[in-house]
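J.: Provided below are the primary sequence and the corresponding predicted coordinates.
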Amino acid sequence: MKLTVHLGENSYPIYIENHILDHAASYIAETFSGRRVMIISDDQVYPLYGSRLKAQLEKHYECFHLVLPHGEATKSFQNLPVLYGAMLDAGISRSDLVIALGGGVIGDLAGFAAASYLRGVRLIQIPTSLLAQVDSSVGGKVAVDLPQGKNLAGAFYQPSLVLIDPTVLDTLAPHFVSDGMGEVIKYGCIKDAELFELLRSHRSFADLQPELPSVIARCVDIKRQVVEADQFDTGERMLLNFGHTLAHAIEQYHNYQKESHGEAVSIGMYQICRLAEEKGLTREGTAEKILEVLNIYGLAHSCGLPLADLLGAMSRDKKNLHGSLNLILLDEIGKSRIYPTSTGFFPLERTI
């Protein structure tokens, strides 16, 4: 399946196909005719797929690679010089290419390096986690974390191509499958009630797996439409951050060492719906439906933290515009909106 993100001169194709990684070089050759390629990956993904990809590319290009430790801690400002140094040593110029081969951490980090090295070199995303396939590899958000919060240094930098191979998910540990399902459920919540009901109708991820390519395509297509309408995240694109205000605060509280991003998003979606229902802002019973789906896919709905302990991180949320915290709330499953408020929305005595 081919989708296209229409952004004028920054438009690019997305291909979703089982086993596409086995012939990735032919797709890359259609969009890149330069000389050198730098593959950036991590120590879990590269042993599985990196050598295979590099062997294909070496038939067409001078090919180099950099393997980084896996995990959120790698996505730090301090690691950027490592990437810049590797690209300099390889002689990567502005006419060359960076390929991000990995999950969301590698996609964000390699993307930010590509955006800022020599004021920008071409970028291709090959996401290998469910979360990256349905969300972070599409739309051009690239970033690194700062000690004060997640993704606080970043840019909008669209890739030239995204290649999504659902079969690589077969090597994911169950923990990372659940992590990605948090974002899949989010898309059903904000824009697609039919997708939500499809997820709700299955018993587990294994039960859903035969339909996975079409599920991924539905999520990507929703993101494509939202990004086309709001490339720079000042309006409708903020809907994609449903659950994320609480999620980023939870992640930061534990220094990214406990809940994964998708787990934190799951907690954030359920808890924000509970609060909104109590205020009469979301249809009653919506949180209970979300809880039902979270349970099907083995995702958490609470973390035992007082909201007072999360206040500082929430106040630095990137959705703060003009002194207002823009929360994403649901009217009901499949219908979402931006709700301008402040951190006063949250009852600080509450434990979530």
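T.: Good, I have the coordinates.

J.: would you map the helices across this structure?
T.: For the chain, the helices defined by DSSP state H occupy 24-31, 51-57, 80-89, 104-116, 130-131, 174-191, 193-200, 205-208, 212-229, 244-253, 261-278, 286-296, 307-315.

J.: could you identify which of those is most buried?
T.: helix 130-131 (a mean of 28; mean count of other Cβ atoms under 10 Å). C-betas here are computed from N, CA, C, even on glycine.

J.: report all helices and strands that that one contacts.
T.: Secondary-structure packing of helix 130-131 (3 or more Cβ pairs under 8 Å, 6 or more residues apart in numbering; DSSP states H and E): helix 174-191.

J.: tell me what the helix it packs on is packed against?
T.: helix 130-131, helix 193-200, helix 205-208, helix 212-229, helix 261-278, helix 286-296, strand 324-332, strand 335-341.

J.: ok so, going back, can I get the helices of the chain in TSV including mean pLDDT and distance to Gly235?
T.: Shown next, in TSV, are those (pLDDT from 0 to 100; distance: least, Cβ to Cβ, whole Å):
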stretch	mean pLDDT	distance to Gly235
helix 24-31	96	29
helix 51-57	96	37
helix 80-89	97	30
helix 104-116	97	22
helix 130-131	95	24
helix 174-191	92	14
helix 193-200	97	22
helix 205-208	92	32
helix 212-229	95	8
helix 244-253	91	16
helix 261-278	96	20
helix 286-296	97	23
helix 307-315	84	21
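
J.: and these: which comes nearest Val162?
T.: Between Val162 and the helices of the chain, the shortest gap by Cβ to Cβ is with helix 212-229, which sits at 8.3 Å.

J.: list the contacts for the residue lying closest to Glu259 once chain neighbours are set aside?
T.: Excluding the flanking residues, the one nearest Glu259 by Cβ to Cβ, 6 or more residues apart in numbering is Ile250, at 5.6 Å. For Ile250, the contact set (Cβ atoms under 8 Å, 6 or more residues apart in numbering) comprises 259, 264, 267-268, 303, 305, 310.

J.: one more time with 7 Å, if that's ok
T.: By Cβ atoms under 7 Å, 6 or more residues apart in numbering, the contact list for Ile250 reads 259, 264, 267, 303, 305, 310.

J.: hmm, back to that, just so I know, which of the helices and strands packed on helix 174-191 lies nearest Ile20?
T.: Closest among the helices and strands packed on helix 174-191, using Cβ to Cβ: helix 212-229, at 10.5 Å.

J.: hmm, back to that, now, among the contacts of Ile250, which is nearest to Gly71?
T.: Ranked by distance to Gly71 (Cβ to Cβ), the contacts of Ile250 are led by Glu259 at 13.4 Å.

J.: picking that back up, redo the helices and strands packed on helix 174-191 as JSON lines? Include distance to Asp165.
T.: As requested, the helices and strands packed on helix 174-191 are exported to JSON lines (distance: least, Cβ to Cβ, whole Å):
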{"stretch": "helix 130-131", "distance to Asp165": "12"}
{"stretch": "helix 193-200", "distance to Asp165": "21"}
{"stretch": "helix 205-208", "distance to Asp165": "17"}
{"stretch": "helix 212-229", "distance to Asp165": "10"}
{"stretch": "helix 261-278", "distance to Asp165": "19"}
{"stretch": "helix 286-296", "distance to Asp165": "25"}
{"stretch": "strand 324-332", "distance to Asp165": "30"}
{"stretch": "strand 335-341", "distance to Asp165": "30"}
